[in-house]
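Okay, here's the prediction I keep looking at, along with the sequence it came from:
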Amino acid sequence: MNKRSFLKILSAMATSRMLSPLLSFGWMQKLTNWAGNLEYSTEQLQPANSLDEVRAFVKQKQKLKVLGTRHCFNNIADSRDNFLSLKPMDQVVALDESAPTVTVNAGITYGQLSPYLHEKGVALHNLASLPHISVAGACTTATHGSGEKNGNLATAVSELELVNAAGEVVKIARGDETFHGAVVGLGALGVITKITLAVQPTFMMKQYVYENLPLEQLKDHFDAIEASAYSVSLFTDWQKKRLNEVWLKSRMEPGQAFDAQPEFFGAKRATKNLHPIAELGAENCTEQMGVPGPWYERLPHFRMGFTPSAGKELQSEYFVPRPHAVEAILAMERMRDQITPHLMISEIRTIAADELWMSPAYKRNSVTIHFTWKQDWPAVGRVLPVIERELEPFQARPHWGKLFTMSPTVLKSRYERLPEFVALTKKYDPQGKFRNAFLEKNIFG
């Protein structure tokens, strides 16, 4: 099947208003992740409606994991024994305008939370491409948005409430000795039940898309391109010595608004809304063409009311230090003929450094190189080791929730605070109740 036929099938599935695989799973015989590439190892799934129910479940079970919106592409959230779902616990607990912070139950998604915050006159500093993911799940895996000065989503966390392996309620706040180790906890410390996030005054944004940015311009002006807007995403299929699309999201405030000229470093301003994969329709994408809108309707690439894509895809992503951005991008471009046959699209973004021990951006201003693959794991599984070998000189760190083949020895060597993190997990979970095969292999092995 050629690429155009493949994408037409995806488009038909993507624009269907049938049940969203992110939000409804009752029709499936087996529990799977959103993409369908992973079948979970147990169907024992228990929903919790309250903190007391969470505590009782944790006390009762010898082994368990929390299953959220299922957007991880690997087995980081898998369990052979028991799953706990916090989806019913999706309420806003409190908005403290004096702090300013918002406290929410762990089952809430960004798509549910963001309109509430905007209505109250506040906003989050950053959002991921999808608003459909849960707040707790995104933070505990260091999921990111984009921006030269924007940290990943977990950097907004100011306090966690979790249930440890003994069923006890523990609160860990910014300023506590172990706070920076607990926020990106990879599900290893306990069940996050509440999470408190920093907020700021709400803001409006505009989004513009430019097409066909010459690779030479990216090489010569990468810093200027990335600094041109509040959030910048570069999409490429690595062909034709160009970046297919540049998505620029700017705040409508003095000194921050983007001057949308017809040309941007050799790229041409789009004359219609676009999907990151140009062959697909833009119906499910956030509004472009400079149309003003609130932050939560511009920072993501996809709208909450639509299924963001067909789901039949695989994803990988690697964080490289910001000073090596251009070198790493050119290394991937040289691999274009190996990458492109299996690729739907790649995205390049910047993320500010943070202090969270297990964050891929720990103490490193970073650039991420993301791959959305066709759902062909044998082919992707062959090309990932080659990509990782090319990125080896840059000490790349993979996204925790996406596919990678990096050895545990190499992976663990990239996290200098790993021994302290392991000690922290043993404090809250001495018998390994919340561990699974992924954690045993990549963290504790």
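Yep, that arrived.

Next, count neighbours for the closest residue to Ser50 other than its chain neighbours.
Excluding the flanking residues, the one nearest Ser50 by CB to CB, 6 or more residues apart in numbering is Met89, at 7.2 Å. (Glycine included, C-beta is placed from N, CA and C.) By the criterion of other CB atoms under 10 Å, Met89 has 22 neighbours.

Could you do Glu148 as well?
18.

Read off the pLDDT value for it.
Glu148 is assigned 83 on the pLDDT scale.

circling back to that earlier point, my guess is the residue nearest to Ser50 contacts Gln112, does it?
No - using CB atoms under 8 Å, Met89 is not in contact with Gln112, being 11.7 Å away.

burial measure for the closest residue to Gly167 other than its chain neighbours, as a count.
Computed as CB to CB, 6+ apart, the closest residue to Gly167 that is not its neighbour in sequence is Lys59, at 3.9 Å. Burial measure for Lys59: 12 neighbouring residues, criterion other CB under 10 Å.

try Ala56
Counted by other CB under 10 Å, the residues lying close to Ala56 total 14.

List the residues that contact it.
Gly167 (CB atoms under 8 Å, 6 or more residues apart in numbering).

Need the pLDDT of it.
Looking at Ala56, its pLDDT reads 98.

what's the distance between it and Lys433?
To Lys433, Ala56 is 14 Å away according to CB to CB, to the nearest Å.

quick one on the thing from earlier: please name the residues that touch the residue nearest to Ser50.
By CB under 8 Å, 6+ apart, the neighbours of Met89 are Ala48, Asn49, Ser50, Val54, Asn105, Ala106, Gly107, Ile108, Thr193.

Output the residues you listed as a markdown table; include the columns neighbour count, distance to Ala154 and secondary structure.
As requested, the contacts of Met89 are exported to a markdown table (neighbours: other CB atoms under 10 Å; distance: CB to CB, whole Å; DSSP: H, G, I helix; E, B strand; the rest coil):
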| residue | neighbour count | distance to Ala154 | secondary structure |
| --- | --- | --- | --- |
| Ala48 | 24 | 23 | coil |
| Asn49 | 12 | 26 | coil |
| Ser50 | 12 | 25 | coil |
| Val54 | 25 | 21 | helix |
| Asn105 | 21 | 17 | strand |
| Ala106 | 26 | 14 | coil |
| Gly107 | 25 | 17 | coil |
| Ile108 | 22 | 15 | coil |
| Thr193 | 23 | 17 | strand |
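
now the helices for the stretch 1-150 of the chain?
Secondary structure of the stretch 1-150 of the chain (DSSP state H, counting those that start in this stretch): helices at 3-14, 51-60, 110-119, 135-140.

Mind naming the longest helix for this protein?
Criterion DSSP state H: the longest helix present in the chain is helix 377-391.

What is the subsequent helix or strand relative to that helix?
strand 397-398 (DSSP states H and E).

In the helix or strand following that next one, which residues are buried?
Downstream of strand 397-398, the next assigned helix or strand under DSSP H and E is helix 408-413. By neighbour count on 16 or more other CB atoms under 10 Å, the buried set for helix 408-413 is Leu411, Lys412.

what do you get for stretch 256-270?
For stretch 256-270, the neighbour count (16+ other CB under 10 Å) marks Ala257, Phe258, Ala260, Phe264, Phe265, Ala267, Arg269, Ala270 as buried.

first vs last residue of that stretch, how far apart are they?
21 Å (CA to CA, to the nearest Å).

Likewise for stretch 223-243?
15 Å.

remind me which residues of the stretch 301-445 of the chain are low pLDDT?
For the stretch 301-445 of the chain, residues meeting the criterion pLDDT under 70 lie at 307-311.

What ranges does it have for its strands?
313-321, 343-351, 366-374, 397-398 (DSSP state E, counting those that start in this stretch).

neighbouring strands for the first one, and are they parallel or not?
This means strand 313-321. Counting by DSSP bridges, the strands paired with strand 313-321 are strand 366-374 (antiparallel), strand 397-398 (antiparallel).

Can you give the distance of the last one from its chain's centre?
When you say that, I think you mean strand 397-398. Taking CA atoms, centre = their mean, to the nearest Å, one finds the center of strand 397-398 at 13 Å from the center of the full chain.
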